[in-house]
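Asker: give me the fold of what follows.
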Amino acid sequence: LRGSKSFTAALPGETERNGHGLGYKSVSVGHLEAPPLSPSRLSLGRASSTATSTAAPEQGRPRDYLVLAIFSCFCPVWPINIVGLVFSIMSRNSGQQGDTDGARRLGRMARLLSIVSIVLGTIIIVLYISLSVRGNSSF
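Answerer: Predicted coordinates:
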């Protein structure tokens, strides 16, 4: 994150009206003695690749369970595992947009649907194998 070179500050004397009855004055950092301390004024511009590769990953980033959802797609319960995959992708998109609550909720739903798909798929595969072996063993 880089600090922005200009911002809006309320300065006494030299204010303009912004239509809401609040005074403001647009100034640059060079006109003030200290840079702004507000994190809301930081630029979200793209940093260099060396800065992003050495940065620590976010601790609070919600999980999207994409690998689990992809693994569940190999199970023969196609409507459930496809919906789990969609929820996982939606969770990833919500997390990238900054909606952590929505990303957690969608991630939990993706995890639930993936686990249900894997369990049901395993049951179906075991039943199919046991019935085919039983059918072949009785001469």
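Asker: for the helix or strand in which Ala103 is found, name the packing helices and strands.
Answerer: When elements are assigned from DSSP states H and E, Ala103 belongs to helix 100-137. In terms of contacts (3 or more C-beta pairs under 8 Å, 6 or more residues apart in numbering; DSSP states H and E), helix 100-137 is packed against helix 66-72, helix 78-97. Placement of C-beta: from N, CA and C, glycine included.
Asker: next, the buried residues of it.
Answerer: Along helix 100-137, the positions that meet the burial threshold by neighbour count (16 or more other C-beta atoms under 10 Å) are 102-107, 109-111, 113-114, 116-118, 120-121.
Asker: tell me the one of the residues you listed nearest Val67?
Answerer: The shortest approach to Val67 among those belongs to Ser114, at 9.4 Å (C-beta to C-beta).
Asker: so who does that closest one touch?
Answerer: Remark: with contacts taken as C-beta atoms under 8 Å, 6 or more residues apart in numbering, Ser114 is in contact with 65, 68-69, 71-72, 81, 84, 88.
Asker: out of the helices and strands packed on helix 100-137, nearest to Val126?
Answerer: helix 66-72 (16.3 Å).
Asker: who's in contact with the closest one?
Answerer: Residues outside helix 66-72 that contact it (C-beta under 8 Å, 6+ apart): 80-81, 84-85, 87-89, 92, 110-111, 113-115, 117-118, 121.
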